[in-house]
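K.L.:
could you look at this predicted model? Sequence included:
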Amino acid sequence: MDAILLQVLNGLDKGGAYALIALGLTLVFGTLGVVNFAHGALFMLGAFCAVALNEALTWEIVTVDPTRTTAWGTPLEVRQPYLEAQFGDFGAFLVDFSVPLAILVAIPFMLLVGVIMERGLVRFFYKRPHAEQILVTFGLAIVLQEIIKSVFGANPIPQGAPDMVAGSADIGAWFGMAGSIIYPWWRIVYFLFSVLIIGIVFAFLNFTTYGMVVRAGMQDRETVGFLGINIQRRFTIVFGIAAVVAGLAGVMYTPILPPDYHLGMDFLVLSFVVVVVGGMGSLSGAVLAGFLLGILQSFASMTEVKAILPGIDQIIIYLVAVIVLLVRPRGLMGRTGIMET
Amino acid sequence: MSTTDKTILTRRTLLRGTAAGATLLATPYFFTKGAYAQDFCNMPTGDTVTLGFNVPQTGAYADEGADELRAYQLAVKHLNGEGDGGMMNTMSPSALKGNGILGKKVAYVTGDTQTKSDAARASAKRMIEKDGAIMITGGSSSGVAIAVQGLCDEMGVIFMAGLTHSNDTTGKDKKRYGFRHFFNAYMSGQALGPILAEEFGSDRRAYHLTADYTWGWTQEESIKNATENLGWETVEAVRTPLGAGDFSQYITPVVNSGADVLILNHYGKDMVNSLTQAVQFGLREKQANGKNFEIVVPLFSRLMAQGAGEAIKGILGTTNWNWSLQDEASQAFVKSFGQEYGFPPSQAAHTCYVQTLLYANACETAGTFLPTEVISTLEGFEFDGMGNGPTLYRAEDHQCFKKVLVVRGNENPESQFDLLKVVKEVAREDVTYDPSIFGGELGPNVVKTC
């Protein structure tokens, strides 16, 4: 029982990441009709917002101590964290909360990246075949990850969660099974965060005039244009919002997985499978499929399951995708006419 | 009997006879040496000799590859008589003169393995066929090392492996043209086992998470054998896909498995991720079977340890070499490398530097670049002054035998590089094994053309 509960929790936080990335991906596809293979790179860029802020907050004043030398004979550099030295406890607090604080950095940065990406490159490929869109956005993803590698190196860079949520919660104790279900606090925070972001995106699209116009544009772009609305500009903003969602998912994921330049590629293929299973262009489908595949992947990794079906953990997502596409070719919640000629 | 009938052997006759005999005996060799010397792959004909450095320049191990490349460039510098000489000053015995190799200036070409076997073979082939590399060296993965070693053996070019820890490299996949200075998984097990018993007792239940490829398999087998010989029980050994990223679904079953030790047979990014996440799941604070739950990482790398941050503190493992060693050779290398680049070398850099010097020294000792002669010189070569104490390049499997370091993640690091603390230097005798246990055949020592 406790093993099952643990895998459900695993699936939920993993699914949260899948759902957030897939949500942005399907939003871009639904509005602009672009298959954006650089979306994983946006997730990675978001993660590196957290890294960059942390490095800025832990910036050190380097002085040379001529009385001491390194093992290779040069004078020893003494490093003193600037923020902690200048602001004491408040400085330490800022450093401790660098990951949540990075959200404030990531929102404008990712919005800017998204808008520049759409205006500077993607818009030239709206009317081009999907294969060309894939090639150009994949190329962009490689460029972005190589830039990150040249700045931050190839090794993963650890980011800590704030001390107050750095440990583990004894969830079992809440149900009278103390010690049996231990789960990291930050993963619970991540799941709640993903639910919050998904809720905000849905609320924005469903309960604001702006969102209503965007949804109308997704249904019938031409008619919305006839009404005198510059739908293209709104779609550009939607691209930026999708980039922000991916970026925020990346920021908050850093304490779970130390980010490196390749982080986006690791999630990209999975996220596309999530979008396809959920139904191309379907926002609720992407969220549903994200959580569903996250949970299934976790269960497939259980020793008991692998004893019956060896290697199932490595193919489960693709197996489910094949079955869903055979049974429901448009995905779980796909709409008619999307990617159909 | 008259004196005229006697055969008179004067000193002059003896000297003439000896000289004539020696010339006569040497004549066939004198002619044939040149004849077959033309037939080996990439025989240097100009005033330079080209070495091929095949390291990961892109991909997950790019930082480790960059450090390997730094070490190679430093070795080339030292071989050509530039810089302070580093471990050339401490190596013993040494035929190196600081004037290149056999009087030829050392040049080099580089290739990118991408930590992919096919890409690594392609770049090695390019360096051999197009750039005329006489020796290939490098790599940060056993899969790559085994693939490139096979290629080099086919083409008759010596391969001095970089960082490769699988037993297979000098076991079932060993080749006559391949040599490994780095230690292996079996040695890690032999070195780590007694320390684990000392620290955690002999009544333990271990759970293995293992990277699902050649290195992971041999590491798991070696550590299982070593710990089970101590009386430990293996509860479960679970294979995880390479580059799994999120290991939570593999870590959660550990919590209630009845195990009280988690052994992470992971390296690189997998190690960083699985260790970080195991710590996040509270395993280090956990009590199981009335004991503190422990985590062990059998193969440590300082470069990788940086990625795990705080999670590495207090964790036991093994390493081939660490910059904090105080012997004269290690200090000479650290000084030389640190002055050149501003930070200490990694274990990958160390093994690559040593391999380059060993190859150059073998050529100097043999007096030729002819691979068969160089191989014969390296086989059974005993040396010291390279940072690991007295070392043997065993002839039977081309594996180096030397001290192995058991290390612990440093609880109180004094600098960003001070991540590992040496717990024990395990003697060479304690990690030596019978070469037949891992099978494999070296193949014949014959000259090949490429």
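P.N.:
It's in. Numbering: from 1, shown residues only, chains lettered A, B, ... in the order given.
K.L.:
near chain A, which residues of the stretch 1-150 of chain B show up?
P.N.:
Taking CB under 8 Å from any CB of the partner chain, the part of the stretch 1-150 of chain B that reaches chain A is made up of B:59-63. For every residue, glycine as well, the C-beta is placed using N, CA and C.
K.L.:
after the longest strand seen in chain A comes which helix or strand?
P.N.:
In chain A, with assignment by DSSP state E, the single longest strand is strand A:60-69. Note on strand A:60-69: by DSSP states H and E, the next helix or strand toward the C-terminus is strand A:75-81.
K.L.:
next, count neighbours for the closest residue to chain A within the stretch 51-200 of chain B.
P.N.:
Closest residue of the stretch 51-200 of chain B to chain A, CB to the nearest CB: B:Ala62 (3.7 Å). Residues lying near B:Ala62 (other CB atoms under 10 Å in any protein chain shown) number 23.
K.L.:
let's see the pLDDT reported for it.
P.N.:
Turning to B:Ala62, the model gives it a pLDDT of 83.
K.L.:
which ones are touching the residue nearest to it when sequence neighbours are not counted?
P.N.:
Nearest residue to B:Ala62, sequence neighbours excluded (CB to CB, 6 or more residues apart in numbering or on different chains): A:Ala154, at 3.7 Å. Taking CB atoms under 8 Å, 6 or more residues apart in numbering or on different chains as the criterion, A:Ala154 is in contact with A:260-261, B:59-63.
K.L.:
any idea how many residues pack against the residue in chain B that chain A sits nearest to?
P.N.:
In chain B, the residue that lies nearest chain A is B:Gly338 (2.3 Å; CB to the nearest CB). For B:Gly338, the neighbour count with other CB under 10 Å is 19.
K.L.:
buried stuff in stretch B:126-135?
P.N.:
B:127-128, B:131-135 (16 or more other CB atoms under 10 Å in any protein chain shown).
K.L.:
low-confidence stretches in chain A?
P.N.:
A:1, A:335-341 (pLDDT under 70).
K.L.:
for chain B, give me its nearest residue in it.
P.N.:
A:Trp72 (2.3 Å).
K.L.:
how near is A:Ala307 to B:Pro253?
P.N.:
Noted for A:Ala307: a distance of 12 Å to B:Pro253, by CB to CB, to the nearest Å.
K.L.:
quick one on the thing from earlier: please tell me how far the residue of chain A closest to chain B sits from B:Phe343.
P.N.:
Distance of A:Trp72 to B:Phe343, computed by CB to CB: 8 Å.
K.L.:
neighbour count winner among the two?
P.N.:
The residue with more neighbours, out of A:Trp72 and B:Phe343, is A:Trp72; 20 against 17, by other CB under 10 Å.
K.L.:
residues touching the residue nearest to that one when sequence neighbours are not counted, list them.
P.N.:
Distance criterion CB to CB, 6+ apart; nearest residue to A:Trp72, sequence neighbours excluded, is B:Gly338 at 2.3 Å. If you count contacts by CB under 8 Å, 6+ apart, B:Gly338 has them with A:70-74, B:344-345.
K.L.:
inside helices: which ones of the contacts of A:Ala154?
P.N.:
The helices, defined by DSSP state H, take in B:62-63 from the contacts of A:Ala154.
K.L.:
in JSON lines, list the contacts of A:Ala154 along with distance to A:Leu325.
P.N.:
Below are the contacts of A:Ala154 laid out as JSON lines (distance: CB to CB, whole Å):
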{"residue": "A:Asp260", "distance to A:Leu325": "32"}
{"residue": "A:Tyr261", "distance to A:Leu325": "32"}
{"residue": "B:Gly59", "distance to A:Leu325": "32"}
{"residue": "B:Ala60", "distance to A:Leu325": "32"}
{"residue": "B:Tyr61", "distance to A:Leu325": "36"}
{"residue": "B:Ala62", "distance to A:Leu325": "37"}
{"residue": "B:Asp63", "distance to A:Leu325": "40"}
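K.L.:
top of the contacts of A:Ala154 by neighbour count?
P.N.:
Within those, neighbour counts (other CB under 10 Å) peak at B:Tyr61, which reaches 30 neighbours.
K.L.:
I figured that one was touching B:Ala120, is that so?
P.N.:
No: judged on CB atoms under 8 Å, B:Tyr61 makes no contact with B:Ala120 at a distance of 11.2 Å.
K.L.:
how about the one helix or strand A:Val274 maps to: buried residues?
P.N.:
Using DSSP H and E, A:Val274 sits within helix A:263-278. Using 16+ other CB under 10 Å as the test for burial, helix A:263-278 gives A:263-268, A:270-278.
K.L.:
burial measure for B:Ala197, as a count.
P.N.:
Neighbours of B:Ala197 (other CB under 10 Å): 18.
K.L.:
can you check B:Val55 too?
P.N.:
If we define neighbours as other CB under 10 Å, then B:Val55 has 31 of them.
K.L.:
tell me which residues touch B:Gly189, please.
P.N.:
With contact set as CB under 8 Å, 6+ apart, B:Gly189 has these partners: B:222-223, B:225-227, B:298.
K.L.:
now the helices for the stretch 101-250 of chain B?
P.N.:
B:117-129, B:142-155, B:185-200, B:214-229, B:248-255 (DSSP state H, counting those that start in this stretch).
K.L.:
quick check: next helix or strand after the last one?
P.N.:
Proceeding N to C from helix B:248-255, the next assigned helix or strand is strand B:261-265, under DSSP H and E.
K.L.:
how far does that next one sit from its chain's centre?
P.N.:
Its chain's C-alpha centre and that of strand B:261-265 lie 23 Å apart, by CA atoms, centre = their mean, to the nearest Å.
K.L.:
okay, the angle between that strand and helix B:248-255?
P.N.:
150 degrees (axes from the mean of the first three to the mean of the last three CA atoms, to 10 degrees).
K.L.:
now for the helix or strand encompassing B:Tyr72, which elements pack on it?
P.N.:
Secondary structure assigned from DSSP H and E places B:Tyr72 in helix B:62-79. Packing partners of helix B:62-79 (3 or more CB pairs under 8 Å, 6 or more residues apart in numbering or on different chains; DSSP states H and E): strand B:48-55, strand B:105-112, strand B:135-138, helix B:302-308, helix B:328-341, helix B:347-366.
K.L.:
make JSON lines from those and add distance to A:Val214 and mean pLDDT to it.
P.N.:
JSON lines is the format used below for those (distance: least, CB to CB, whole Å; pLDDT from 0 to 100):
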{"stretch": "strand B:48-55", "distance to A:Val214": "49", "mean pLDDT": "97"}
{"stretch": "strand B:105-112", "distance to A:Val214": "45", "mean pLDDT": "97"}
{"stretch": "strand B:135-138", "distance to A:Val214": "53", "mean pLDDT": "97"}
{"stretch": "helix B:302-308", "distance to A:Val214": "40", "mean pLDDT": "82"}
{"stretch": "helix B:328-341", "distance to A:Val214": "53", "mean pLDDT": "96"}
{"stretch": "helix B:347-366", "distance to A:Val214": "51", "mean pLDDT": "98"}
